[in-house]
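Asks: Sequence and predicted structure below; questions after.
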Amino acid sequence: MSRVLVVYFSASGVTAKVASELARAEKADLFEIKAARPYTKEDLDYTVKDSRCNTEMADESCRPEMAGAAPDLSKYDTLFVGYPVWWGREPSIVDTFLDSVDLSAKKVVPFCTSAASGVEKGVEHIRKVVGGKAEVLEGKRLGAEGTEEEVRLWTELLGL
């Protein structure tokens with residue numbers, strides 16, 4: 001039984017690829033966060049002021065509905081939580097997941113995919129959302145070219 005779960009939201013497939021590499025490296029289970037109303041290309045166009053992603057990210061209390069229920073986390077000690085960077089942090093749909101699960105006595109390890117943005121603002125925001133219910137470790141930005149070996153070296157440094 002795996003004690004590690006890789007949870008991710010992917011808008012374009014990049015985060016899904018990295019999450020799969022991470023799950024393989026850690027011999028972890030995998031769970032994809034999906035929106036009840038899938039994001040369209042237009043929804044994700046951050047250059048349009050009133051696009052869905054901009055509207056959601058402008059309101060920190062926004063919690064888009066997930067498709068389906070979150071998994072039972074009782075058998076997991078550690079959750080890697082992956083996402084593309086939106087507005088410098090995790091998308092609001094990730095916050096929906098974090099709010100919907102019992103994170104008591106869990107370690108949460110954020111990871112993001114981005115060509116340039118770092119993970120720091122997302123880690124800070126996830127700590128705020130989690131509110132002390134779990135230990136949120138320092139995260140990592142992983143590029144689309146991230147390999148299983150790169151992921152394994154990072155997780156070894158974490159000591160998990």
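Replies: Noted; the coordinates are in hand. Fair warning: this is a prediction, and the values are worked out from it, not measured in the lab.

Asks: Tell me how far residue 25 lies from residue 155.
Replies: For residue 25, the distance to residue 155 equals 6 Å [Cβ to Cβ, to the nearest Å]. Every C-beta, even on glycine, is put in place using the N, C-alpha and C of the backbone.

Asks: Return the set of buried residues in the longest helix out of those in the chain.
Replies: Longest helix of the chain, by residue count under DSSP state H: helix 14-26. By 16 or more other Cβ atoms under 10 Å, the buried positions in helix 14-26 come out as 14, 15, 16, 17, 18, 19, 21, 22, 23, 25, 26.

Asks: That helix packs against which elements?
Replies: Packing contacts for helix 14-26, counted by 3 or more Cβ pairs under 8 Å, 6 or more residues apart in numbering; DSSP states H and E, involve strand 4-8, strand 29-32, strand 78-84, strand 107-113, helix 148-158.

Asks: how about these, which one is nearest residue 142?
Replies: Set against residue 142 and scored by Cβ to Cβ, these come closest in strand 107-113, at 5.6 Å.

Asks: what's in contact with the lowest-mean-pLDDT helix or strand in the chain?
Replies: Ranked by mean pLDDT, DSSP states H and E, the weakest helix or strand in the chain is helix 148-158, scoring a mean of 81. The contact list for helix 148-158, computed with Cβ atoms under 8 Å, 6 or more residues apart in numbering, reads 18, 21, 22, 24, 25, 26, 109, 137, 140, 142.

Asks: buried residues in that helix?
Replies: Going by neighbour count (16+ other Cβ under 10 Å), the buried part of helix 148-158 is 150, 151, 154, 155.

Asks: for stretch 51-61, same thing?
Replies: Across stretch 51-61, burial judged by 16+ other Cβ under 10 Å covers 51, 52, 53, 54, 56, 57.

Asks: low-scoring pLDDT stretches of this protein, where are they?
Replies: For the chain, applying pLDDT under 70 flags the ranges 1-2, 145-147.

Asks: picking that back up, need the buried residues of helix 14-26 in JSON lines (columns: distance to residue 86).
Replies: Formatted as JSON lines, these follow (distance: Cβ to Cβ, whole Å):
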{"residue": "14", "distance to residue 86": "13"}
{"residue": "15", "distance to residue 86": "11"}
{"residue": "16", "distance to residue 86": "16"}
{"residue": "17", "distance to residue 86": "18"}
{"residue": "18", "distance to residue 86": "16"}
{"residue": "19", "distance to residue 86": "17"}
{"residue": "21", "distance to residue 86": "21"}
{"residue": "22", "distance to residue 86": "20"}
{"residue": "23", "distance to residue 86": "23"}
{"residue": "25", "distance to residue 86": "25"}
{"residue": "26", "distance to residue 86": "25"}
